[in-house]
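S.K.: requesting a structural model of the entry that follows:
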Amino acid sequence: MLHIPERPRGSPLLVLSSFLFAVMAFFARSVAGRLSVGQVVCARFAIGLVFLALYYPLTGTRPRMGRPGLWVLRGVFGGASVYCYFVAIDRLAVGPATLLNGCWPLCAAILGIFLLGEQVNGYLATGLAATTVGAGLVIWSTVQGGLGLTPGVGAAAGALSAVLSGAAVIALRALRHDTDASSIFLSFCVFGLLFGLPFAAQDWRPLGWDLALPLLGVGLSSVAAQMIFTYAMAHVESTAAGGIITQLTPAFSWMLGALLLGEPLQPLAMVGAVVCTGGVLWGTGLAPRLFVPASRPSP
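M.R.: The predicted structure is shown next:
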């Protein structure tokens, strides 16, 4: 039977999670202006809670909250981050909004060093730098292409979502030592829904079938992406290592925006996407420390 080492197992799962997060962003952008941000946020987390209501009875498991304070913080930071991210998607094109949110690994890596005592080796550091440069190139191309990255609420919300996401991932990484993925996801959904409800009630708009289906897409893709992400983060070497791979989400979002939403295909953005991908490959697949087994058989 083929045995897949723990660290390599996390990398492909994070790639899949990144694509599903991009799908979620695409669906959220497709209802921008027709539904309030609060409604989209509530739909995402309500569908997540429905999933968990089925998951626990079917698996015969129950939520575990070994460290309630940290569990609450993960939900609060995560819920606030999603709200800010969806504000950015509502005000900007899907590419720039996702790229701003995609800066969270920088925040998480810094917090991980100080709060979790993590270390960043040369491969991870250069990989993170390359993916960040690639994301910056895509952002610049969207600015030049008139896709909406202007000073204002959307840009500020996108930047704030990155900071909050970094804090949420640090809490997630700390919890994953003794808390399962579904329990962490429960915190995310509960506090995310509580965060979004006042905004949804304040600006409620009529909901028809043409809007219900994209909202279902937001919820289902986010459930799959978040569960895979939470599980996979326990199988990467550090927060920074996981953050490098998730830099694929902006690249995927940009491609979906160009193909399905008609966002212009900018040559500079294409270069940025290539740089992002190269950074991911360098920081994970080509880093010997991530893939060499802990012990080798004696010759």
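
S.K.: I'd say residue 176 and residue 232 touch.
M.R.: No - if you go by Cβ atoms under 8 Å, residue 176 and residue 232 don't touch, sitting 9.9 Å apart. In this view, the C-beta of every residue, glycine as well, is placed from N, C-alpha and C.

S.K.: more neighbours: which of the two?
M.R.: residue 232 (23 against 17; other Cβ atoms under 10 Å).

S.K.: wait, is the more buried one part of a helix?
M.R.: Yes - under DSSP: H, G, I helix; E, B strand; the rest coil, residue 232 falls within a helix.

S.K.: got the contact list for it?
M.R.: By Cβ atoms under 8 Å, 6 or more residues apart in numbering, the contact set of residue 232 is 9-11, 13-14, 17, 242.

S.K.: again, 10 Å this time
M.R.: Residue 232 sits next to 9-17, 176, 181, 242, 245-246 when contact means Cβ atoms under 10 Å, 6 or more residues apart in numbering.

S.K.: let me have the residues you listed in JSON lines, adding distance to residue 72, secondary structure and pLDDT as columns.
M.R.: Formatted as JSON lines, these follow (distance: Cβ to Cβ, whole Å; DSSP: H, G, I helix; E, B strand; the rest coil; pLDDT from 0 to 100):
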{"residue": "9", "distance to residue 72": "29", "secondary structure": "helix", "pLDDT": "65"}
{"residue": "10", "distance to residue 72": "26", "secondary structure": "helix", "pLDDT": "74"}
{"residue": "11", "distance to residue 72": "30", "secondary structure": "helix", "pLDDT": "78"}
{"residue": "12", "distance to residue 72": "31", "secondary structure": "helix", "pLDDT": "84"}
{"residue": "13", "distance to residue 72": "26", "secondary structure": "helix", "pLDDT": "88"}
{"residue": "14", "distance to residue 72": "25", "secondary structure": "helix", "pLDDT": "88"}
{"residue": "15", "distance to residue 72": "30", "secondary structure": "helix", "pLDDT": "88"}
{"residue": "16", "distance to residue 72": "28", "secondary structure": "helix", "pLDDT": "92"}
{"residue": "17", "distance to residue 72": "24", "secondary structure": "helix", "pLDDT": "92"}
{"residue": "176", "distance to residue 72": "16", "secondary structure": "coil", "pLDDT": "70"}
{"residue": "181", "distance to residue 72": "17", "secondary structure": "helix", "pLDDT": "81"}
{"residue": "242", "distance to residue 72": "22", "secondary structure": "helix", "pLDDT": "70"}
{"residue": "245", "distance to residue 72": "27", "secondary structure": "helix", "pLDDT": "77"}
{"residue": "246", "distance to residue 72": "24", "secondary structure": "helix", "pLDDT": "77"}
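
S.K.: make a markdown table out of those residues and add distance to residue 263.
M.R.: What follows is the contacts of residue 232, written out as a markdown table (distance: Cβ to Cβ, whole Å):
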| residue | distance to residue 263 |
| --- | --- |
| 9 | 34 |
| 10 | 31 |
| 11 | 28 |
| 12 | 28 |
| 13 | 28 |
| 14 | 25 |
| 15 | 22 |
| 16 | 23 |
| 17 | 23 |
| 176 | 35 |
| 181 | 33 |
| 242 | 27 |
| 245 | 24 |
| 246 | 21 |
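
S.K.: and the buried ones among those residues, selectable in PyMOL?
M.R.: A single PyMOL command selects the buried members of the contacts of residue 232 (16 or more other Cβ atoms under 10 Å):
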select buried, resi 10+11+13+14+15+17+176+181+242+245+246
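
S.K.: and of the contacts of residue 232, the nearest to residue 105?
M.R.: Closest approach to residue 105 among the contacts of residue 232 (Cβ to Cβ): residue 246, at 6.6 Å.

S.K.: may I have the secondary structure class of the residue lying closest to the closest one once chain neighbours are set aside?
M.R.: Among residues not flanking residue 246 along the chain, residue 18 sits closest, at 5.3 Å (Cβ to Cβ, 6 or more residues apart in numbering). Three-state assignment for residue 18 (three-state DSSP): helix.

S.K.: in contact with residue 18, which residues?
M.R.: Applying Cβ under 10 Å, 6+ apart, the residues near residue 18 are 102, 225, 228-229, 245-253, 280.
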